[in-house]
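In: Provided below for reference: sequence and predicted model.
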Amino acid sequence: MKKLILLFLFIPLVSFGQEEEITLETKTGDIKGSLLIPSVLEKTAVVLIIAGSGPTDRNGNNPMMTNNSLKMLAKELQKNGIASVRYDKRGIGESKNSGLQEIDLRFEDYVQDVEGWIKLLKEDERFSNIIVLGHSEGSLIGMIASHKQEAKKFISVAGVGIPAGDILRKQLKGQPQFILDESLKIIEKLENGETVEKVSQMLYSLFRPSVQPYMISWFKYNPQIEIAKLNKPILIIQGTTDIQVSVSDADKLASANKKSQKQIIEGMNHILKEAELDRQKNIQTYSMPDLPLKKELIKFIVKFIEE
C-alpha cells in the first residue's frame, strides 16, 4: 500500500485553464497575444477576439482608460468551456515593435494580421473550430478576414454598419460650419482615393498627411457589403446604451445578410457593461475594471457558439 501511495505522489500534475502567451510572426515583427484554454481534455472551439480602433489593447484598455472588457469576455468564455485568443494590434502594447510608420500603415494590414491568426489557430490540434469575434472597428476587420480565411462563425459586437467616411460626417456635424465644410471636402477626396496637401491647423490632427493613406484604405470598405459576402453563421450584438455605435448600425448589418442573428441587449454600452444613456455616467464605466460584463452578452455568445 505504501508503494502505491508513493506512485500517486509522483504522478505529475497537469495544469489546465491557464493563460499562456501566443505569438504571430509577421514580416514587420511579432504580434503578441494571450491564449486562454478551459479546463477540458477534448478539443474545444476557440474565439479570436479583435479589439476596436485606436490604442486599444488585447484587454479592451487604452492608456487613458482601463475597463478590462475583452479580458473579462475571454474569462467568461473559458468558464463556459470555450478557448480564446486576444492580442495587441500591431503597434500597440506588447506588439509595439511590429508597428509600421503611420504613413505606411493600411487598413488591410490589420485584416492580414487576423488572417494570420486564423491560419495559426487552424494548425493547432487543440481546437475544433474557429470563431472570429470583432468588437467595434474590429467587427469590420473580422468580417473581411473571415471571408478571406475560413472561420466557422462570425460575431459582430458593437460593430458599425456604415462606411468610415459617413461615421466622420456624423461626428463632425456639430462643428462650426467652416470646419464642417472643409472636413466634408477632405472626406470626399479621401473616398475618391486622393490625398489632400493643404489642411487647416484646426483639422490637422485629424487629417494630417501621414494618416491620409490609411484613411483612404479604410474608407473604401462598407460593412454592409462586407458582411453580405459571408456564407456562414453570423451573430450581431448591440447594446441600447452604446453612445458610440447605435442599434440602427446592428439593423443595417442584419439586413445586409439574412442568415444573421441579431441580439439587442438593453442597458449595455460600448464596453459591454451596464450603463445609463447619460453621457457622463456612461463614460465613467470606461474606467471601471471591476464592473462586470452584461450577463446577456455571454449567454448569447455561448449559445451561438454551441449551436
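Out: Received, thanks. Note that the coordinates shown come from a computational prediction; the quantities given were computed from them, not determined experimentally.
In: so after the lowest-mean-pLDDT helix or strand in the chain, what's the next helix or strand?
Out: Sorting the helices and strands of the chain by mean pLDDT, DSSP states H and E puts helix 2-9 at the bottom, at a mean of 36. Beyond helix 2-9 on the C-terminal side, the first helix or strand identified by DSSP states H and E is strand 19-26.
In: ok, and what's touching that next one?
Out: 30-37, 85, 87, 90, 98, 112-113, 116-117, 120 (C-beta atoms under 8 Å, 6 or more residues apart in numbering). Backbone N, C-alpha and C define where each C-beta goes, glycine included.
In: Going along the chain from that strand, find the next helix or strand for me.
Out: Next element after strand 19-26 (DSSP H and E): strand 29-36.
In: Extract the C-alpha trace of that next one and format it as CSV.
Out: Output of strand 29-36 as CSV, limited to C-alpha atoms (Å, rounded to 0.1, in the frame of the first residue of the first chain):
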residue,chain,number,x,y,z
GLY,A,29,7.7,41.9,-36.3
ASP,A,30,5.9,39.8,-33.7
ILE,A,31,2.3,40.3,-32.7
LYS,A,32,1.7,39.2,-29.1
GLY,A,33,-1.4,37.7,-27.7
SER,A,34,-3.0,35.7,-24.9
LEU,A,35,-4.4,32.2,-25.2
LEU,A,36,-6.9,31.2,-22.6
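In: Can you give me the buried ones in it?
Out: For strand 29-36, the buried set under the neighbour-count rule, 16 or more other C-beta atoms under 10 Å, comprises 29, 31-36.
In: how far away is residue 232 from residue 149?
Out: According to C-beta to C-beta, to the nearest Å, residue 232 stands 11 Å off from residue 149.
In: With neighbour numbers in mind, choose between the two.
Out: residue 149 (19 against 16; other C-beta atoms under 10 Å).
In: Spit out the contact partners of the spatially closest residue to that one that is not a sequence neighbour.
Out: Closest residue in space to residue 149, ignoring its immediate chain neighbours: residue 118 at 4.2 Å, by C-beta to C-beta, 6 or more residues apart in numbering. Listed by C-beta under 8 Å, 6+ apart, the contact set of residue 118 reads 48, 130, 132, 145-146, 149-151.
In: what about residue 118, distance to residue 43?
Out: 17 Å.
In: One more: residue 232?
Out: In terms of C-beta to C-beta, residue 232 sits 19 Å off from residue 43.
In: In this protein, what residue spans correspond to strands?
Out: 19-26, 29-36, 44-50, 83-87, 127-135, 153-157, 234-239, 260-265 (DSSP state E).
In: So for residue 108, which of those sits nearest?
Out: Of all the strands of the chain, it is strand 19-26 that lies closest to residue 108, at 12.8 Å by C-beta to C-beta.
In: Report the buried residues of that closest one.
Out: 22, 24.
In: do stretch 151-169 as well
Out: Buried residues in stretch 151-169, counted by 16+ other C-beta under 10 Å: 151, 153-165, 167-169.
In: and what of stretch 203-219?
Out: So stretch 203-219, judged by 16+ other C-beta under 10 Å, has buried residues 203, 207, 212-219.
In: State the mean pLDDT of it.
Out: Averaged over stretch 203-219, pLDDT sits at 97.
In: can you check stretch 240-252 too?
Out: The average pLDDT for stretch 240-252 rounds to 98.
In: who touches it?
Out: Contacts of stretch 240-252 (C-beta under 8 Å, 6+ apart): 136, 156, 158-162, 223-224, 236-238, 262, 264-270, 275-277, 279, 282-283.
In: Just the buried residues out of those, in ChimeraX syntax.
Out: In ChimeraX, this line selects whichever of the contacts of stretch 240-252 come out buried by 16+ other C-beta under 10 Å:
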select :136,156,158,159,160,161,162,223,224,236,237,238,262,265,268,269,270,275,282
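In: Looking at the contacts of stretch 240-252, which are in helices?
Out: If you go by DSSP state H, those have 223-224, 279, 282-283 in helices.
In: Which pair of these spans the longest distance?
Out: Pairwise over those, using C-beta to C-beta, the maximum falls at 224 and 283, 28.4 Å.
In: buried residues in stretch 57-68?
Out: 57-62, 66-68.
In: from the buried residues of stretch 203-219, which two are the most distant?
Out: Taking every pair in the buried residues of stretch 203-219 and measuring C-beta to C-beta, the maximum separation is 19.7 Å, between 203 and 217.
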